[in-house]
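Visitor: Here is a sequence together with a model predicted from it:
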Amino acid sequence: MEQIVSGGPLGMDQLMQAALYHPRHGYYTTRTPLGAAGDFITAPEVSQMFGELVGLWLAARWQAMGAPDPVQLVELGPGRGTLMADALRAARVLPAFKAAVRVHLVEVNPHLRAAQSRALESSGIAPAWHDGLDDVPPGPILIIANEFLDCLPVRQFVRVAGHWREKVVGVRAGRLVAGLGTPATLPDPDGRLAVLPEGAVIEVMPGLDIWVAQLAARAATAPLSALVIDYGSSRSGPGDTVQALWRHTKVGPLDRLGEADLTAHVDFERLVRLARAAGLEAAGPVLQGPFLMALGLEARASTLIRANPSCTSDVMSAVERLAGEAYMGSLFKVACLSSPGLAPPPGIDGTTAP
Ligand code: SAH
């Protein structure tokens, strides 16, 4: 709020940036967001099966690259470290892969860095932490980003009287109020924006362009494969997707700045388009449900149940939450961006999710 009072109205992206990353008051810089006591639960926190299947997927991508040793294994926003711990445990089936990986964790949150360190203790692998992807040493690289890109701030534009005007937030009488900026011109190469009705909202995630450029720069010098799993839509379209979650409850995006998680949906059509324009190969998006099924979710569930029949109902309900159409199975999309010339990634075929 101080920043708005002193500097005038902020765009939604600037507001998200401050609410999430302010050094003293930001949500990701100061809080422990995940888990029952936090604000939200992610797929690796639902069940170990998620990280294990991702681990096998990574091993297959490593083989597709020609089994380079060493290979940088990078997770962006690793949360409590659960996904990486489960993935490394599953990677034991391919000892040469486990021996080749150098684990890098890109994380802004000091509490979560400590949790990640604890989670990886039993793996026997010492990770390195970084503030950004550019700090990871060069060389062949495997990247995982589960619920990471949805943290990138978005700008929002509203159609008003035939113009696009940016949503901004200012302060009136000590309270935050939403307003509109001056008319802006937005690129509209295929004419899809021009036909949208009065009141339509579109979102632009500037960080996506920067992120894809980072990947493309690395892919120019060494093999690269990145797995992106996130909330989002397969096709670009209008809609206000900025959502605030506080203690597992939806609240207004302006209601608990710095206390609530603020996210926006990832536009996978745009992600794939940007990747291809930058010279990367892109597969997907597919829905998380079919992706996990193709990787063997049901077989893994059966093995866990056989080993410990008393956990049958827990395992079955985890399968439903991860892959069921009413849950994460269709809300989440999966895409893979790679350097050119690698075999197609497992579980992500050429068909795009609806
Ligand atoms: N991938 C994890 C956690 C997702 S929550 C899981 O699936 O459980 C988002 C994670 O990204 C948190 O660890 C958060 O601290 C981190 N994060 C958010 N924005 C970031 C940024 N700009 N740079 C690095 N880490 C970030």
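Guide: Ah, there it is.
Visitor: Name the nearest residue to the closest residue to the ligand within the chain, ignoring sequence neighbours.
Guide: Ranked by C-beta to the nearest ligand atom, the top residue of the chain for proximity to the ligand is Gly77, at 2.2 Å. C-beta coordinates here come from the backbone N, C-alpha and C atoms, glycine included. In this structure, Gly77 finds its nearest non-sequential neighbour in Phe148, 3.8 Å apart by C-beta to C-beta, 6 or more residues apart in numbering.
Visitor: do Ile229 as well
Guide: Asn146 (4.5 Å).
Visitor: Low-confidence bits of the stretch 1-150 of the chain, can you list those?
Guide: 1-7 (pLDDT under 70).
Visitor: and with 50 instead?
Guide: Across the stretch 1-150 of the chain, not a single residue meets the criterion (pLDDT under 50).
Visitor: Next, see if stretch 125-143 gets close to the ligand.
Guide: No. If you take C-beta under 6 Å from any ligand atom as the test, stretch 125-143 misses the ligand, and the best it gets is 6.7 Å.
Visitor: Dump the C-alpha coordinates for that stretch into PDB.
Guide: Coordinates of each C-alpha in stretch 125-143 appear next as PDB, following Å, rounded to 0.1, in the frame of the first residue of the first chain:
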ATOM      1  CA  ILE A 125      22.600 -35.600  -3.100                       C
ATOM      2  CA  ALA A 126      23.600 -32.100  -2.000                       C
ATOM      3  CA  PRO A 127      21.600 -29.500  -4.000                       C
ATOM      4  CA  ALA A 128      22.800 -26.000  -4.800                       C
ATOM      5  CA  TRP A 129      20.300 -23.100  -4.400                       C
ATOM      6  CA  HIS A 130      20.000 -20.200  -6.800                       C
ATOM      7  CA  ASP A 131      17.900 -17.000  -7.000                       C
ATOM      8  CA  GLY A 132      17.300 -17.500 -10.800                       C
ATOM      9  CA  LEU A 133      17.700 -19.900 -13.700                       C
ATOM     10  CA  ASP A 134      20.500 -17.900 -15.200                       C
ATOM     11  CA  ASP A 135      22.700 -18.700 -12.100                       C
ATOM     12  CA  VAL A 136      22.600 -22.400 -12.900                       C
ATOM     13  CA  PRO A 137      25.900 -23.500 -14.500                       C
ATOM     14  CA  PRO A 138      25.900 -24.300 -18.300                       C
ATOM     15  CA  GLY A 139      25.600 -27.700 -19.800                       C
ATOM     16  CA  PRO A 140      22.800 -30.300 -20.600                       C
ATOM     17  CA  ILE A 141      19.800 -29.500 -18.500                       C
ATOM     18  CA  LEU A 142      16.500 -31.000 -17.300                       C
ATOM     19  CA  ILE A 143      14.000 -28.500 -15.800                       C
END
